[in-house]
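Kindly return the folded structure for what I paste below:
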Amino acid sequence: MNVVTILASPRPDGNTERILDWTERALREWKHSVERIHLNPLNVRDCAACLACAESTDEPGCALQDDIPHLFEKVIAADAAIFASPLYMWGVTGPLKMLYDRALCLVRNWGSPEHRSFVEGKRIAQLITCAGGEGENTEPVTTTFSRLAYFLKADHRGTFVFPNCTEPAQLPNTHGNVSRDLATRLVE
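Numbering: from 1, shown residues only. Sure, this is the predicted structure:
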């Protein structure tokens, strides 16, 4: 299986990257191909809501000239994708939120019987790290990702929350087990 991981943490070697490393290591151990994309250094613009993408039927057709169309090509070509972000004010980081907004170009005929998606059936999961606990703290990102998966007609494999992440060197051992659970859930 070909898996694309998208890391949306601005902190090099932080909690999110460390846990994503563990997940990717499990996938590679099981002989899956993994490509990581660091989102923060890319040129990512806000969706302009111009709907130029709706004019294209054979490709996403986003009119903005940045790195997102190339990133979406990689997601379309993959079998599965993991979106990884620390929790910022009950949401994902700004660049990942912009990526989610730009996913509009991956769908055609929303709300009609002809609703289709360029990533229909792709397995997707979300990895979230946070300093606090779960529950109300993480409910908004869980709900948003679930709705995004429905909109994209993707195979939603879950949002995996890793609470109590304050220092990469002090991550609980249970997080390693949960990261393997995420990998298992993605490929099973």
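
any idea which helix or strand comes after the helix or strand that contains residue 95?
Using DSSP states H and E, residue 95 maps to helix 94-102. Using DSSP H and E, the helix or strand that directly follows helix 94-102 along the chain is strand 107-108.

Of all residues in the chain, which one is nearest the centre?
For the chain, residue 83 is the residue whose C-alpha lies nearest the centre (CA atoms, centre = their mean; 2.0 Å).

For residue 8, see how far away that one is.
Between residue 83 and residue 8 the computed distance is 7 Å (CB to CB, to the nearest Å). C-beta here means a position set from N, CA and C on the backbone, and glycine is covered the same way.

what touches both of those two?
92, 96, 99 (CB atoms under 8 Å, 6 or more residues apart in numbering).

Give the full set of residues in contact with the second one.
The neighbours of residue 96, taking CB under 8 Å, 6+ apart as the test, are 6, 8, 39, 83, 85.

one step back: check the secondary structure at the residue nearest to the centre of the chain for me.
Under the three-state scheme (DSSP: H, G, I helix; E, B strand; the rest coil), residue 83 adopts strand.

Surely it is in contact with residue 6?
Yes - with contact defined as CB atoms under 8 Å, residue 83 reaches residue 6; the gap is 5.1 Å.

returning to that earlier point: kindly format the C-alpha coordinates of the helix holding residue 95 as PDB.
What follows is helix 94-102, C-alpha atoms only, in PDB (Å, rounded to 0.1, in the frame of the first residue of the first chain):
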ATOM      1  CA  GLY A  94      -3.400  27.100  10.000                       C
ATOM      2  CA  PRO A  95      -1.700  25.400   7.000                       C
ATOM      3  CA  LEU A  96      -3.700  22.200   7.500                       C
ATOM      4  CA  LYS A  97      -6.900  24.100   7.800                       C
ATOM      5  CA  MET A  98      -6.100  25.800   4.500                       C
ATOM      6  CA  LEU A  99      -5.500  22.400   3.000                       C
ATOM      7  CA  TYR A 100      -8.800  21.100   4.300                       C
ATOM      8  CA  ASP A 101     -10.500  24.200   2.800                       C
ATOM      9  CA  ARG A 102      -8.800  23.700  -0.500                       C
END
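
quick one: buried residues of that helix?
Buried residues in helix 94-102, defined by neighbour count with 16 or more other CB atoms under 10 Å: 94-100, 102.

Can you tell me which of those residues is nearest residue 128?
Closest approach to residue 128 among the buried residues of helix 94-102 (CB to CB): residue 96, at 10.2 Å.
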